[in-house]
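Trainee: this one's structure only:
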């Protein structure tokens, strides 16, 4: 249990490290190709930090308003508040703000830059369709996102994708423009680099945005597995989350106010659900490729991972009995 | 000064700094345990406060179940006035059992089960029971961290020399090991199954 969580953590940080290397590489390339030298690196990092901190402070407000979440009144949703408060005690974090999204589709998400500024939102569909223990499983997953600061991790990942897209796009446009107008001065476009390296650089610039996206999705999938495991560690009751995920699997409704921009936040990806429907008859070969573009692991895999935890029995070891 | 003197000074400085860090960490861990313990008390008190209301509400519909009311009230009184932790744990178990009986009695009165304030009290109690369980779970996790630090090198040296005694885990009586479930047909429970060992 502990080892699995630790290995998940390591993989996340490895992915983030790869991310930073990618940003540095792009920055360096920009510098070399434009002749700015190390300034390119500085610009890349400056941009990353500025954009990340900007989205860091605004992320919760944006996410909540985009999904049309309204604050949940304690008198109208006593069970929801009770469950959130109990789980916050178990996690040792302050009770986050609680929101409700009026939507048939059962789903939930957490947001906020740190545990002190966190918020959880659930759909009315989730409240209608889940039993108490299932609701507890889902909210434990969300509170684990808060506790693990996944919102921060994902904000960094999403923003770095933006930086890479921006830089690569700028560079390709500049070079295209340079090739069309100039062209009298052979080595100006290539900076201090030789032709083969310049071509390699261009290829990298073309593919960097794609690679960055895939990295972001890979990080997101890691964090989902981790939040499942940590959530069960809070409730000490894998069956609750397992049966909640089963219900999500069989449910066919989709959250209307969710978009691609907020997809990574929800407990079950609202986008994948749409894709799954359209994909129904698709060939198996495409499945692996599609998976690379998913923000969440398939529900079946998450359920299987939880089952193996439940069978291991380690989850129940240091439980204070009730 | 010779190089050796500088090396010795550097080593002493490192040792002092590490000692300070380890000491502060133990103090922090110990304070967290105290905070976790008081959280349990907060939740237990919340439960005591709910009970008189609950008893009154049930009385309105099932006035002749006097025995059950008296048992609950008495158990609550014992739990509040318990002198030490052991007595308190025993009284708490008693209280849990009598509450279970109270809800079993309520089952027989359809009007009561439809009463809005009874339903909200029932939800409050279920929520409080699970908060108590979660608070105990959190307390045990903090104890685990602290006791681990006391037994591993080098923090064990600091623990031994500055009087940091190991803290006990919260262990419930065997009687209360079965999950507390105030569960009346709405499925689920407080998310507390018996340990799967």
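Mentor: Arrived safely, thanks for sending. Bear in mind the structure is a predicted one, so any value in this text is a computation, not a measurement.

Trainee: which SS state does whatever residue of the stretch 1-150 of chain A ends up closest to chain B fall under?
Mentor: Closest contact between the stretch 1-150 of chain A and chain B, by CB to the nearest CB, is at residue A:82 (2.9 Å). Every residue, glycine included, has its C-beta placed from N, CA and C. Counting by DSSP: H, G, I helix; E, B strand; the rest coil, the backbone at residue A:82 sits in helix.

Trainee: quick one, what contacts it?
Mentor: Residues near residue A:82 by CB atoms under 8 Å, 6 or more residues apart in numbering or on different chains: B:123-124, B:126-128, B:130-131.

Trainee: just curious, which of those residues is nearest to residue A:45?
Mentor: Nearest to residue A:45 among the contacts of residue A:82 is residue B:131, at 45.2 Å by CB to CB.

Trainee: other SSEs contacting the strand or helix carrying that closest one?
Mentor: In this structure, residue B:131 sits in helix B:116-151 according to DSSP states H and E. In terms of contacts (3 or more CB pairs under 8 Å, 6 or more residues apart in numbering or on different chains; DSSP states H and E), helix B:116-151 is packed against helix A:78-91, helix B:3-61, helix B:85-106, helix B:155-161.

Trainee: show me how far the last one is from its chain's centre.
Mentor: Right, helix B:155-161. Taking CA atoms, centre = their mean, to the nearest Å, one finds helix B:155-161 lying 28 Å from the centre of the chain it belongs to.

Trainee: which helix of chain A spans the most residues?
Mentor: The residue-count maximum for a helix in chain A (DSSP state H) belongs to helix A:195-235.

Trainee: for that helix, packing partners?
Mentor: The contact analysis (3+ CB pairs under 8 Å, 6+ apart) places helix A:195-235 against helix A:2-34, helix A:78-91, helix A:132-147, helix A:150-181, helix A:238-250, helix A:299-312.

Trainee: circling back: mind checking which of the helices and strands packed on helix B:116-151 is nearest residue A:211?
Mentor: Among the helices and strands packed on helix B:116-151, the nearest to residue A:211 by CB to CB is helix A:78-91 (34.4 Å).

Trainee: so where's the stretch 1-150 of chain A shaky on pLDDT?
Mentor: For the stretch 1-150 of chain A, the stretches with pLDDT under 70 are A:1-5, A:8.

Trainee: quick check: residues of it near chain B?
Mentor: Within the stretch 1-150 of chain A, the positions adjacent to chain B are A:78-79, A:81-83, A:85-87, A:89-92, A:131-137 by CB under 8 Å from any CB of the partner chain.

Trainee: list buried residues within those residues.
Mentor: Buried by 16 or more other CB atoms under 10 Å in any protein chain shown: A:78-79, A:81-83, A:85-87, A:89-92, A:131-137, out of those.

Trainee: reformat the helices and strands packed on helix B:116-151 as a markdown table; add distance to residue A:16.
Mentor: Below are the helices and strands packed on helix B:116-151 laid out as a markdown table (distance: least, CB to CB, whole Å):
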| stretch | distance to residue A:16 |
| --- | --- |
| helix A:78-91 | 23 |
| helix B:3-61 | 27 |
| helix B:85-106 | 46 |
| helix B:155-161 | 30 |
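
Trainee: which of the ones you listed is buried the deepest?
Mentor: Highest mean neighbour count of those: helix A:78-91, a mean of 23 (counted as mean count of other CB atoms under 10 Å in any protein chain shown).

Trainee: report the angle between it and helix B:116-151.
Mentor: On the basis of axes from the mean of the first three to the mean of the last three CA atoms, to 10 degrees, helix A:78-91 is oriented at 10 degrees to helix B:116-151.

Trainee: for the very next helix or strand once past helix A:78-91, packing partners?
Mentor: Next in sequence after helix A:78-91, counting helices and strands by DSSP H and E, comes strand A:97-101. Judged by 3+ CB pairs under 8 Å, 6+ apart, strand A:97-101 is in contact with strand A:69-71, helix A:78-91, strand A:119-123, helix A:124-129.

Trainee: who wins for proximity to residue A:24 among the ones you listed?
Mentor: Across the helices and strands packed on strand A:97-101, closest to residue A:24 is strand A:119-123 (CB to CB), at 33.7 Å.

Trainee: show me what the closest one is packed against.
Mentor: In terms of contacts (3+ CB pairs under 8 Å, 6+ apart), strand A:119-123 is packed against helix A:39-66, strand A:97-101, strand A:108-111, helix A:132-147.

Trainee: so how far is that strand off the chain centroid?
Mentor: Distance of strand A:119-123 from its chain centroid, counting by CA atoms, centre = their mean, is 16 Å.

Trainee: likewise for stretch B:92-109?
Mentor: For stretch B:92-109, the separation from the chain centroid amounts to 20 Å (computed by CA atoms, centre = their mean).
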